[in-house]
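1. have a look at this prediction, sequence included:
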Amino acid sequence: MPKEWILNQANMRWGLTKKNKVGAVSDEIRKRAPKFLSEWEEHYYKRVYPKEHLENLGRRLYIKISEVCQAEIESIEEQDCIDFIINLVINRTYDGYQSEIQTIYGQLQQALGVKVEPAPDEWDRGYNVDFFIKVKDKYIGLQIKPAGYAYITQIINELEFQKRTHEKFTARYGGKVFYIISVKEGKKKVIHNPEVIEEIRKEIERLEKE
């Protein structure tokens, strides 16, 4: 298994089995539709590349592993490994957290100062709720939609259906369901209807008083 992992990693790095090296194998095998491995093997060697071509690619892979990878491994020092682990755990985790904050639910979490959690699958299917906020033993539902969603004619019926499912959610879990409209500004998503934040805040306060 370790040997196969090394072979796979090296092959992916240098792309020795990419389309430009070994041909469009997926298209070729569908074209031939072989019933047996031997049929496919014969077709490939006759119609795509001869066996010698694959053997040469294998030799190139060996050179890459035995020469290039070996030299790179020998150049790695203890401090490189220490720096790698620290960077992965500290720096990249922080970068990932910052990226998360840039998402819609991250912005909501920051603005409201409460935890916003992904809804379980059954809530998504049954109540059309993407995220939720827990307030004591009650729940507020959140559904994120792209800007312009409410104006697309063919989904007005869907909105009506969702309204009914949201009413069921409120009846069962106590909190309202709010639409969060998302719009892209450059690479970042922002909340298109920021007034909803205050509405959610008021709903949190209402549930806290109950």
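-> In hand now; what should we look at?

2. could you report the distance from the spatially most distant residue from the centre of the chain to Asn8?
-> Within the chain, the residue lying farthest from the chain centre (Cα atoms, centre = their mean) is Lys46, at 40.7 Å. The gap separating Lys46 from Asn8 is 28 Å, by Cβ to Cβ, to the nearest Å. (Glycine included, C-beta is placed from N, CA and C.)

3. quick one, strands of this structure?
-> Taking DSSP state E, the strands of the chain run over residues 117-118, 131-135, 138-146, 174-185, 188-191.

4. comparing these, which yields the minimum mean pLDDT?
-> Of all the strands of the chain, the segment with the smallest mean pLDDT is strand 188-191, scoring a mean of 82.

5. low-confidence stretches in this protein?
-> Scanning the chain for pLDDT under 70 picks out the ranges 1, 96-101, 147-159.

6. please redo it, this time with the cut-off set to 50
-> By pLDDT under 50, the weakly predicted segments of the chain are 149-155.

7. longest helix of it?
-> Counting residues, the longest helix found in the chain (DSSP state H) is helix 156-173.

8. for that one, buried residues please.
-> Neighbour counts using 16 or more other Cβ atoms under 10 Å place Gln162, Thr165, His166, Phe169, Thr170, Tyr173 of helix 156-173 among the buried residues.

9. who are the packing partners of it?
-> helix 121-127, strand 138-146, strand 174-185 (3 or more Cβ pairs under 8 Å, 6 or more residues apart in numbering; DSSP states H and E).

10. tell me the most buried of the ones you listed?
-> Highest mean neighbour count among those (mean count of other Cβ atoms under 10 Å): strand 138-146, with a mean of 20.

11. how near is Asn56 to Leu16?
-> Relative to Leu16, and taking Cβ to Cβ, Asn56 is found at 10 Å.

12. who's more crowded, these two?
-> Each of Asn56 and Leu16 has its neighbours counted (other Cβ atoms under 10 Å); Leu16 has more, 17 against 13.

13. give me the number of residues near the closest residue to the more buried one other than its chain neighbours?
-> Spatial nearest neighbour of Leu16, chain neighbours left out: Leu57 (4.9 Å); criterion: Cβ to Cβ, 6 or more residues apart in numbering. Leu57: 17 surrounding residues under other Cβ under 10 Å.

14. rewinding a little: now the strands of the chain as TSV including distance to Pro2?
-> Converted to TSV, the strands of the chain look like this (distance: least, Cβ to Cβ, whole Å):
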stretch	distance to Pro2
strand 117-118	36
strand 131-135	42
strand 138-146	43
strand 174-185	44
strand 188-191	42
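
15. tilt between the longest helix of the chain and strand 174-185?
-> Interaxial angle of helix 156-173 relative to strand 174-185 (axes from the mean of the first three to the mean of the last three Cα atoms, to 10 degrees): 140 degrees.

16. how far off centre is helix 156-173?
-> Here helix 156-173 shows a centroid-to-chain-centroid distance of 28 Å under the convention Cα atoms, centre = their mean, to the nearest Å.

17. contacting residues around it?
-> Contact with helix 156-173 is made by 123, 126-129, 138-139, 141, 143, 150, 175-177, as judged by Cβ atoms under 8 Å, 6 or more residues apart in numbering.
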